[in-house]
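1. with the input below, show me the fold.
(one chain, ligands or ions: 1)
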Amino acid sequence: MTDYAPTPEFTEQAVGQASLYDEAADHEAFWAARATEYVTWSQDFGTTLDWSDAPFAKWFVGGELNASYNCVDRHVEAGNGDRVALHVVGANGDDRTITYADLLREVSKAANALESLGVTKGDRVAIYMPMIPEAVIAMLACARIGAPHSVVFGGFSSDALKARIEDGEAKLVITSDGQFRKGKAMPLKEAVDRAVPGTTAGKVLVVKRTGIDVEWDDERDVWWHEVVDSASDQHEAPAHDSEHPLFILYTSGTTGKPKGILHTTGGYLTQCAYTNAVVHDVHPETDVYWCTADIGWVTGHSYIVYGPLANGATQVLFEGTPDSPHQGVFWEIVEKYKVSILYTAPTAIRTFMKWGADIPAKYDLSSIRVLGSVGEPINPEAWRWYREHIGGGSAPIVDTWWQTETGAIMNSPLPGVTTLEPGSSQRPIPGISAEILDDEGQPLTEPEQVGYLVLTKPWPSMLRGIWGDPERYKDTYWSRFGPEYYFAGDGAKYDADGNIWILGRVDDVMNVSGHRLSTAEIESALVSHPRVAEAAVVGASDETTGQAVVAFAILRQDGETGGAEGDELIQELRNHVGQQIGPIAKPRQIMIVDELPKTRSGKIMRRLLKDVAENREVGDVTTLADSSVMNLIKDGMAKPSGD
Ligand code: WTA
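-> A predicted model of the protein is given here:
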């Protein structure tokens, strides 16, 4: 058996040492020490944790800080202004280098510009941008003022953007004219133009990225280069309360309505910086770190913006995609910038595997010393490929389990301490406590039994609630096993060595290429099409994307007819979902069916549809109201549909 223990050389230099596990025996003292170690406070905190209003936590009570100051100013003050903060790799060959001193000037200018546009502390700002440095600058400028940002993934549709602007009552939207996709300039502001009318957003701040033509509303639209470039580069960062809202980030849950996950300042920043240091093993003076996530997801928030910048790290910011301009572009970037820490997603790794090891073999990847994985379970085969072909057969892989809600990494090996187990995120990191419970809420003690992953102690970067919906927050996370346990929604088991294996979602949430999608959201998008009467959506396992969206739809018998039929109709429905939510939500397959399998109480039995979608023998149908429907559906499934 291969031994994946860390080498003594790695252990010796590692930021995260085994002593952290011992230190964490005193939970609050441990986190108070991390908050002091990783964060600069303008006003010291008193109580470490106030859990008296559980499940609404307060961390580092009475403390005051500015997240933007922590990510930028203090590094310049420490004499590191010349250190590269961002190696910006443009999708158009237009690379840029941004030092910490540059970043301080840009963030200060942007903060002044936002204030001149009327943004004040507490106002929400929606950010809908491609992976350009202005996105990072915009987030930090909002944090500086104390205006919570709500970043909306640039791949979401204008309908999805509108819903998020409305829910968060954003006052301003920051976007760009367009974005580069596989070398082509594509529109982006256009979606904002459709989303903003009728909402609270009175201003739209627009970065000129591609130079493509845009519609312009003189009253509402403002060019970034006009207001930001001319603003003063001096901006005093005010101190905010530790519990001041830092951002809202929408994620999918079990209903059709996305949840605005609320994060606050002090605890979030502490855990992001600490985990980035001890899990990714970042040595800011020497490492070049690259997290390939998009800024629109939580990984981009925590491990591009807040964690690494708080640590003063040098990182790569890549605007493009893994296949453009060629399938070796990732490895070209690693070679060129001597990337030493790479953090990416299993879906990307499986894609690289499919493309073949001879592509990375053409590049010098010897700078790599730590690899990370996030977003979904990584299968052991992909893990070994990653280690062998990207990690030179020796780089530790940190498989990090966490969620939008947890804000930062929760379960992961420590690369200098843990003997790795391919496919498992192993154990809670020091400071975090997890358990696996059975259906009755009893902790599992035996290996290989399947249960539910729960977190048993509050943690600093935990969500503070769902924007505007405290009841939903309590119901979703703190009721399944009682108020003592945060229910993560993931199934899990222990192996014989006590490692935790995440087995995927147990609720109606799918994970497609590491992106969370809700079955209910896609179903409601489908039934909003005039031809669809009813729809059921399942996540079927998929070799590359982890899961894929498979939909079953019943057409309306009345109403509109005479439109598209057959494959053309299916294409129309797929596009409709793309328009309602975004291209990532487009079903891989849509089956037109006459019936859906339902229990006698009318609940759709997704389990059976999943069997069909995964070409399995259909399971127990005894609770079906009409057991013959499964045969009809299976027969229909034999015909291919979609593309
Ligand atoms: C899944 C992404 C297995 C899990 C940071 C979780 C993982 C959901 C892992 C959160 C991992 C994330 N191993 N599963 N290392 N990381 N997941 O909110 O189902 O986009 O609940 O946060 O992704 O997805 P989210």
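2. which SS state does residue 490 fall under?
-> Classification of residue 490 by DSSP: H, G, I helix; E, B strand; the rest coil places it in strand.
3. check residue 334 too.
-> helix.
4. per-residue pLDDT, it?
-> Looking at residue 334, its pLDDT reads 98.
5. check residue 641 too.
-> 42.
6. same deal with residue 151?
-> pLDDT for residue 151: 98.
7. can you pull the contacts of it?
-> Contacts here follow Cβ atoms under 8 Å, 6 or more residues apart in numbering; on that basis residue 151 touches 126, 127, 128, 129, 135, 139, 247, 249, 295, 296, 300, 301. For every residue, glycine as well, the C-beta is placed using N, CA and C.
8. now residue 32, nearest residue through space, not along the chain?
-> Leaving aside its chain neighbours, residue 32 sits nearest to residue 48 (4.5 Å; criterion: Cβ to Cβ, 6 or more residues apart in numbering).
9. hang on, isn't the one you found packed against residue 30?
-> No. Look at residue 48 against residue 30 with Cβ atoms under 8 Å: they stay out of range, at 9.3 Å.
10. state the distance from the nearest residue to residue 185 once chain neighbours are set aside to the ligand.
-> Closest residue to residue 185 apart from its sequence neighbours, by Cβ to Cβ, 6+ apart: residue 210 at 3.7 Å. Counting by Cβ to the nearest ligand atom, to the nearest Å, the separation of residue 210 from the ligand is 28 Å.
11. likewise for residue 325?
-> Residue 325 is 28 Å from the ligand, by Cβ to the nearest ligand atom.
12. look at residue 192 and report its pLDDT.
-> Model confidence at residue 192 (pLDDT) stands at 98.
13. what are the buried residues along the helix or strand harbouring it?
-> Assessed by DSSP states H and E, residue 192 sits inside helix 189-195. For helix 189-195, a neighbour-count test (16 or more other Cβ atoms under 10 Å) marks 189, 190, 191, 192, 193, 195 as buried.
14. can you put those residues in TSV and add distance to residue 450?
-> As requested, these are exported to TSV (distance: Cβ to Cβ, whole Å):
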residue	distance to residue 450
189	47
190	46
191	42
192	44
193	48
195	42
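15. for the stretch 451-600 of the chain, give the residue positioned nearest to the ligand.
-> Residue nearest to the ligand within the stretch 451-600 of the chain (Cβ to the nearest ligand atom): residue 502, separated by 3.7 Å.
16. burial check on that residue, number of neighbours?
-> 20 (other Cβ atoms under 10 Å).
17. tell me what it is bridged to.
-> With DSSP bridges as the criterion, residue 502 is bridged to residue 492.
18. check what pLDDT it gets.
-> The per-residue pLDDT reported for residue 502 equals 96.
19. from memory it sits against residue 452, does it?
-> No. Here residue 502 lies out of contact with residue 452, judged by Cβ under 8 Å, at a distance of 11.1 Å.
20. overlap of the contact sets of these two?
-> Shared contacts of residue 502 and residue 452 (Cβ under 8 Å, 6+ apart): 490, 491, 492.
21. run through the residues that contact the first one.
-> Okay, so that is residue 490. Contact analysis of residue 490 by Cβ under 8 Å, 6+ apart lists 401, 452, 453, 502, 503, 504, 505, 506.
22. restricted to buried residues, select the residues you listed in ChimeraX.
-> Remark: buried members of the contacts of residue 490, expressed as a ChimeraX selection using 16+ other Cβ under 10 Å:
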select :401,452,453,502,504,505,506
